[in-house]
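**Student:** my questions concern the predicted model and sequence given below.
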Amino acid sequence: MDGITFGRASLLCTLLLWALQVCSGSVTVKVTPTVEVIKGESASLPCTVTGLPPSSKDIISWYIEDDTRIRVAFRSQGGDGNTDNDSPLSGRVTIGEDFTLTISAVQPSDELSFICQVAGPTASVEATTTLKVFYAPEKPELTRPSSQAISAGESTSSEIGTCVTHNGHPQPRIIWFKDDQPLPEVKDRKEKTYMVPSVVREASNLFTIKSTLYMQPTKADKDSVFQCTVEYSMPGDQIKKKKSDTITINLNYPSETVTFALLNTDPVKEGDNITMKCETDGNPQPEFVFSKEGESRTGKGGKLMLTSVKRSDAGVYKCEALDFDNFEADLTKELTLSVNYIDPMSVTPTGPHFAKLGDAVEMQCKTKASSPHTVQWRKGSEVLSQTGGLSLKEVTYENAGDYVCVGAVPSVPGLTAETHFKLTVTGKPMIEAPAKGEVEKEGDMVTLKCSAFGHPAPQFTWKPQGKESVSLEGSKVVSSLTLPATADVLKDGVTCEASNEHGTDSKAFAVSIVRASPSNEADRADKQQGGSSGVVIAVVVCVLLLLLLVALLYFLNKSGKLPCSKKDKKEVASGEVNNDIVVEMKTEKANEEAGLLNKRPATEQ
Ligand SMILES: *[C@@H]1O[C@H](CO)[C@@H](O)[C@H](O)[C@H]1NC(C)=O
C-alpha cells in the first residue's frame, strides 16, 4: 500500500470507529456553557458523563485552554481524583466523584475556557465551559485640573476634569454627564467636546480606567454641573452604575453689564451708615472706581460705604468697572443718593417760660425737614396738639410743668427731633383743702400738712408754732407741722398761712379727739368701775379698823390697864357706857355716809 492509500484507509477506519461510537450512542459529556463567579469566591464547573460502561478504563480530564491546552485534573470511573501540580490552578482545584471541577479563590486570570474530556478505549468526547469572573469597580473619583480658571469662548478645548475608577472586572465603562445629561462618547480630538480614555491592567488583572473630558465652555456653562458614572457588569447580565461626586468649572468670562445699587432697604436718613454695591455679570469681578460728581471716592471690593451720612452726602454717585477683557462695553452706572433729614425743633417765644396765673399762653413749635413732617405737643403721656401751636386760655397751677415738642417724618422711620421746655406759673399762693388733724386724747402729738401752689415758692407761717419742715412735691410746696394737741389747739385749731410777693392764702386746720377703737373703750369702762369699787373697799376697811379700835379700847378698859380712874372703870362697867359707844359708832358711820352723799351735790353745783 502507498501512503495515500494508507491515509485513506486510516481515515476510513477513523470514520468507521466514530460511526460505531455514534451509532452505539453510548458516551456523552455535558457541561454548563458559561459559569459566572465573583472574584475571590469558589466556582463549580459540572461535567456530566453518560453511557460509559461501568468498568471502562476511560479517563475523565479537565483542561484549560489559553494558547495551549494544560490539564489541571483527572480521574477514572471509580478511581481517585488527581490534580496536576504544574498547572496555573494547582492547589486551588479539586475534581469530584461526579467529575465536577471546583476552583477556590477565583482570580480574574482564571477567566479561561475549561474542557471536560472523556478519553480511553471506549470514547473520545469533550465539552467546553467558559468561566467568567466579575468584580465591581470602586466609586469613580472626579477631579478638576490643577490649572487655574478656564476662559469662556476660547478656540481650543480645555480640560474640564478627569474621572478615574479602580479595580473592575470585566473592563467597565465611564460615561460623562453635564447637568444630568449624558455626553456622547467622542474620541476625536478635532471635536470641541471629546474624552481621552485610558486603561490600566493592574497586577491583580483588575482594570483601572480613566477618562479626561475636554470642552470649549461658553458663558452659559458657568453654573454647569459635571459628573461621571462607571457602568459595569455583574453576574446574571446585570448592568450596574456608580456615580462620582459633582464638580463645576471655574470659568472666566468678561463683564457685559454692570449694576450699582444701595444695599440699605429703609429710606436713608442723616446719621445712617450706608453701603452702595457695584457688580458686573463677569467672572471674576473686575476692579471698580467710584466717584461723586467728579470727585473720586474710595471703595472696597465693589462696595462704597459711608458712615453717619449727612444731607451734604446726597447726590449722584458713579461706579466704573475696569474690565480689561471687554473694553468696548460701557461699564459705568450712576446712583442718586437722597438723604432725609429733620432740623432741630424751634419754639417761639424763646427764653424761660413764665406765665402769670390766669394769663393766656401761646406757643409755636416748628422745624424743617426733607419730606412732609408732623409736629406734636405733649405733656407727660398726653398729646395736647397735633399742629405746631400750643394755646392755654387761662393758665392754672396745673398747667405748670414740662412740655415736649416732637417733630417726625412719617415716611422715614426713626427720623425725629424734639425739644423740651418747662412752663412756670407765677402768682399768689393757693393752699389745697386741708386735711383734719386727729388725736386720741388731749396732749398727743399731731402732724398737719399744708401744701400750696405759688411762684415764687411761698413762705409758711403756722399759728400756733411747732416743729416745721418744708418739701417740694411737683409744683407744690408742702410744709409739715408737728405740735402737741393742747386744749387751745383742740378748741381753736391751727392756722397755716402761705405768702409770697403776689399775696397770701391761709387755711385753718381743725384738730379733734377721735373715739378710740372699741377695745380701748372697754378698757376705760373697766378702769372707771374699778375706781368706784375702790371707794367701797376703803369705807369697809375704815369701818373694820374703827371696830377693832373700839374692841381694843373696851378690852384695855376691862382689864384696868388703862390709866383711867376707878370711877371711869365703874362707869364703863355700866350698860350706859356700852350704849354710848354704840351710839358714837353709829354717829361716826352716819358722818361718813353723809360725807359720801354730800360729795355729789358739791360737784353738781
Ligand atoms: C455706623 O458705623 C460706625 C462705625 O463703623 C458704628 O460705630 C456705628 O454704630 C454705626 N451706626 C449705625 C447707625 O449703625
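**Tutor:** Great, that's in hand. As the structure is a computational prediction, the values presented were derived from the model and not from experiment. Numbering: from 1, shown residues only.

**Student:** so what pLDDT did residue 8 get?
**Tutor:** Per-residue confidence (pLDDT) for residue 8: 59.

**Student:** wait, isn't residue 123 in contact with residue 57?
**Tutor:** No. Residue 123 lies out of contact with residue 57 (C-beta atoms under 8 Å); the separation is 10.6 Å. Placement of C-beta: from N, CA and C, glycine included.

**Student:** okay, those two: which has more neighbours?
**Tutor:** Using other C-beta atoms under 10 Å as the criterion, residue 123 and residue 57 rank with residue 123 on top: 22 against 11.

**Student:** how near is the spatially closest residue to the more buried one that is not a sequence neighbour to the ligand?
**Tutor:** Nearest non-adjacent residue to residue 123, counting by C-beta to C-beta, 6 or more residues apart in numbering: residue 27, 3.7 Å away. From residue 27 across to the ligand, the span is 101 Å (C-beta to the nearest ligand atom, to the nearest Å).

**Student:** do the same with residue 301
**Tutor:** In terms of C-beta to the nearest ligand atom, residue 301 sits 16 Å off from the ligand.

**Student:** and residue 152, how close does it get to residue 193?
**Tutor:** 14 Å (C-beta to C-beta, to the nearest Å).

**Student:** which of these two has more neighbours?
**Tutor:** residue 152 (21 against 17).

**Student:** quick one, what contacts the more buried one?
**Tutor:** Neighbouring residues of residue 152 by C-beta atoms under 8 Å, 6 or more residues apart in numbering: 217, 218, 219, 221, 222, 251, 252, 253.

**Student:** pull out the buried positions in stretch 346-357.
**Tutor:** Neighbour counts over stretch 346-357 (16 or more other C-beta atoms under 10 Å) mark 346, 347, 353, 355, 357 as buried.

**Student:** can you tell me which helices and strands whatever helix or strand residue 451 lives in packs against?
**Tutor:** Per DSSP states H and E: residue 451 is located in strand 445-455. Applying 3 or more C-beta pairs under 8 Å, 6 or more residues apart in numbering; DSSP states H and E, one finds that strand 445-455 contacts strand 416-431, strand 437-439, strand 459-463, strand 476-484, strand 494-500, strand 503-509.

**Student:** ok, now how distant is the residue in the chain that the ligand sits nearest to from residue 319?
**Tutor:** Closest residue of the chain to the ligand, C-beta to the nearest ligand atom: residue 273 (3.6 Å). Counting by C-beta to C-beta, the gap from residue 273 to residue 319 is 19 Å.

**Student:** for the ligand, what are the nearby residues on this protein?
**Tutor:** Residues of the chain lying near the ligand by C-beta under 6 Å from any ligand atom: 272, 273, 307.

**Student:** most surrounded residue in these?
**Tutor:** Most surrounded of the residues of the chain next to the ligand: other C-beta under 10 Å gives residue 272, at 19 neighbours.

**Student:** quick check: phi and psi at that one.
**Tutor:** With angles defined as degrees, to the nearest 10, residue 272 sits at phi -70, psi 160.

**Student:** do the same with residue 491
**Tutor:** Dihedral angles (degrees, to the nearest 10) for residue 491: phi -80, psi -50.

**Student:** check it and give its pLDDT.
**Tutor:** Taking residue 491 on its own, its pLDDT is 90.

**Student:** what's the answer for residue 597, then?
**Tutor:** Residue 597 is assigned 43 on the pLDDT scale.

**Student:** residue 441 too?
**Tutor:** According to the model, residue 441 scores 86 on pLDDT.

**Student:** buried sites along stretch 422-432?
**Tutor:** By 16+ other C-beta under 10 Å, the buried positions in stretch 422-432 come out as 423, 425, 426, 427, 428, 429, 430, 431.

**Student:** poorly predicted segments of the stretch 451-600 of the chain, please.
**Tutor:** Along the stretch 451-600 of the chain, segments meeting pLDDT under 70 span 516-536, 559-600.

**Student:** let's see that with 80 instead.
**Tutor:** 515-543, 550, 553-600 (pLDDT under 80).

**Student:** now the helices: where do they sit in it?
**Tutor:** For the stretch 451-600 of the chain, the helices defined by DSSP state H, counting those that start in this stretch occupy 487-492, 518-559, 566-573, 575-604.

**Student:** distance of the most centrally placed residue in the chain relative to residue 274?
**Tutor:** Residue closest to the average C-alpha location in the chain (C-alpha atoms, centre = their mean): residue 265, at 24.1 Å. Distance, residue 265 to residue 274, using C-beta to C-beta: 11 Å.

**Student:** now residue 340
**Tutor:** Here the distance between residue 340 and residue 274 works out to 12 Å (C-beta to C-beta).

**Student:** what do those two both touch?
**Tutor:** Common neighbours of residue 340 and residue 274, using C-beta under 8 Å, 6+ apart, are residue 268.

**Student:** re earlier: pLDDT wise, what is the closest residue to the residue of the chain closest to the ligand other than its chain neighbours at?
**Tutor:** Leaving out its chain neighbours, the residue that sits closest to residue 273 by C-beta to C-beta, 6+ apart is residue 307, at 4.8 Å. pLDDT, residue 307: 96.

**Student:** same question, the one 10 residues further on
**Tutor:** According to the predicted model, the pLDDT of residue 317 comes to 97.

**Student:** buried set for the helix or strand in which residue 133 is found?
**Tutor:** Secondary structure from DSSP H and E places residue 133 in strand 124-134. Neighbour counts over strand 124-134 (16+ other C-beta under 10 Å) mark 125, 126, 127, 129, 131, 132, 133, 134 as buried.

**Student:** stretch 181-193 now?
**Tutor:** For stretch 181-193, by 16+ other C-beta under 10 Å, it's 183, 193.

**Student:** residue 389: neighbouring residues, count only.
**Tutor:** As a burial measure, residue 389 scores 14 neighbours (other C-beta under 10 Å).

**Student:** with the one 5 residues further on instead?
**Tutor:** Around residue 394 sit 11 other residues, with neighbours defined as other C-beta under 10 Å.

**Student:** and what of residue 556?
**Tutor:** For residue 556, the neighbour count with other C-beta under 10 Å is 13.

**Student:** now swap in residue 504 and tell me
**Tutor:** 15.

**Student:** how about the contacts made by it?
**Tutor:** The contact partners of residue 504, taken as C-beta under 8 Å, 6+ apart, are 428, 429, 497, 498.

**Student:** cool, and residue 48?
**Tutor:** 29, 30, 31, 98, 99.

**Student:** wait, isn't residue 260 in contact with residue 280?
**Tutor:** No. With contact defined as C-beta under 8 Å, residue 260 does not reach residue 280; the gap is 10.1 Å.

**Student:** still on that earlier bit, residue 85 versus the residue nearest to residue 123, what's the distance?
**Tutor:** Distance, residue 27 to residue 85, by C-beta to C-beta: 29 Å.

**Student:** now residue 338
**Tutor:** Distance from residue 338 to residue 85, by C-beta to C-beta: 98 Å.

**Student:** now do residue 369
**Tutor:** Distance from residue 369 to residue 85, by C-beta to C-beta: 107 Å.

**Student:** the more surrounded of these two?
**Tutor:** Neighbour count, other C-beta under 10 Å: between residue 369 and residue 85, residue 369 has more, with 20 against 7.

**Student:** tell me the contacts of that one?
**Tutor:** For residue 369, the contacting residues are 340, 341, 342, 343, 407, 409, 415, by C-beta under 8 Å, 6+ apart.

**Student:** tell me which of those fall in strands.
**Tutor:** Per DSSP state E, strands hold the following members of the contacts of residue 369: residue 407.

**Student:** okay if I get the contacts of residue 369 as TSV plus pLDDT, neighbour count and distance to residue 113?
**Tutor:** Listed next are these as TSV, based on pLDDT from 0 to 100; neighbours: other C-beta atoms under 10 Å; distance: C-beta to C-beta, whole Å:
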residue	pLDDT	neighbour count	distance to residue 113
340	97	21	91
341	97	20	95
342	96	21	98
343	96	14	102
407	96	24	101
409	95	22	95
415	95	24	93
